[in-house]
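[1] I would like the atomic coordinates for the input below:
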Amino acid sequence: NQKRKNWKGKEPQLFGVVSEYQKSEHSKQDRMKWKLIMEIYRSQKTYVDKITLVCEKYIYQLRKTNSRASGATREDLRLLFGSFEVIVSLDQDILSGLKDKLYSPYLEPCIGDVLIRMGPIFELYVQYCRGFDKSFSTLAKLQNKSKLFPEYLEKLYKQSGTKIPLMTMLEFPVQRFICF
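    Numbers count the residues shown, from 1 in each chain. Below you'll find the model as predicted:
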């Protein structure tokens with residue numbers, strides 16, 4: 001600002017070029033593109049944070065506990081969670097790719113190659129959605145089979161620090177697939 005005052009009303013050529021560019025249609029398109037990319041990144045980050053929580057607070061904890069303490073066998077857990085962990089891993093990879101693009105030294109971020117990597121994930125989402133009824137029925141069976149599982153699940157729920165029940169969290173990939 002001080003330098004501008006020293007020009008005594010004469011705007012330097014660079015300021016004029018920048019000012020003209022900021023008013024241009026191309027500049028508006030660039031700003032819209034950046035907003036879109038940031039929205040895709042934020043949405044993916046929020047989603048990955050939520051589904052990672054399911055792995056950390058439920059899946060890994062249930063696997064560490066023996067079936068006598070939780071009332072769930074390995075087969076029960078396989079039916080309950082399906083391909084959830086693989087989906088988490090692939091979505092984390094996509095998030096990492098988006099982040100790399102956002103912090104790229106290039107002015108023109110191109111996220112097309114990151115989005116193309118999502119192709120294989122769709123099949124996993126389809127499989128997860130197809131198996132969701134089985135997951136739901138397995139959860140119901142485990143909750144009705146004995147007091148162990150509901151009590152252990154309640155313990156994990158309290159430790160998770162979230163107010164979202166497990167069944168709702170298991171729906172996240174189904175909801176995300178609909179968004180795609």
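[2] measure Thr46 to Gly161 for me?
    16 Å (Cβ to Cβ, to the nearest Å). For glycine as for every other residue, the C-beta is placed from the backbone atoms N, C-alpha and C.
[3] try Phe81
    From Phe81 to Gly161 the distance is 20 Å (Cβ to Cβ).
[4] which of these two has more neighbours?
    Phe81 (23 against 8; other Cβ atoms under 10 Å).
[5] residues making contact with the host helix or strand of Thr168?
    Element membership of Thr168 [criterion: DSSP states H and E] is helix 166-170. Defining contact as Cβ atoms under 8 Å, 6 or more residues apart in numbering, one finds that helix 166-170 is touched by 50-51, 53-54, 58, 80-81, 84, 132, 135-136, 139, 153, 156-157, 162.
[6] now swap in stretch 62-71 and tell me
    Stretch 62-71 has contacts (Cβ under 8 Å, 6+ apart) with 72-74, 76-77, 142, 145-149, 152, 156.
[7] same check, this time on stretch 37-50
    88, 91-92, 94-95, 98-99, 101-102, 109, 111, 164, 169, 172, 176.
[8] which of the residues you listed count as buried?
    When the contacts of stretch 37-50 are checked for burial by 16 or more other Cβ atoms under 10 Å, the buried set is Val88, Asp91, Ile94, Leu95, Leu98, Lys101, Pro109, Ile111, Met169, Phe172, Arg176.
[9] so what's the fifth one up against?
    So the one you mean is Leu98. Leu98 makes contact with Ile37, Ile40, Tyr41, Gln44, Ile111, Val114, according to Cβ under 8 Å, 6+ apart.
[10] in space, what's closest to the last one - neighbours in sequence excluded?
    Leaving aside its chain neighbours, Val114 sits nearest to Gly97 (3.9 Å; criterion: Cβ to Cβ, 6 or more residues apart in numbering).
[11] ok, Ser104 to Arg42 distance?
    For Ser104, the distance to Arg42 (Cβ to Cβ) stands at 17 Å.
[12] this protein: helices as residue ranges?
    Using DSSP state H, the helices found in the chain span residues 2-6, 13-23, 25-54, 60-64, 67-70, 74-81, 84-102, 112-116, 119-130, 132-145, 148-160, 166-170, 172-179.
[13] now the fifth one, how far from the chain's geometric center?
    A distance of 31 Å separates the centroid of the chain from that of helix 67-70, by Cα atoms, centre = their mean, to the nearest Å.
[14] ok, back up a step: now for the contacts of stretch 62-71, which pair is the farthest apart?
    Across the contacts of stretch 62-71, no pair lies farther apart than Arg74 and Lys147, at 20.4 Å, counting by Cβ to Cβ.
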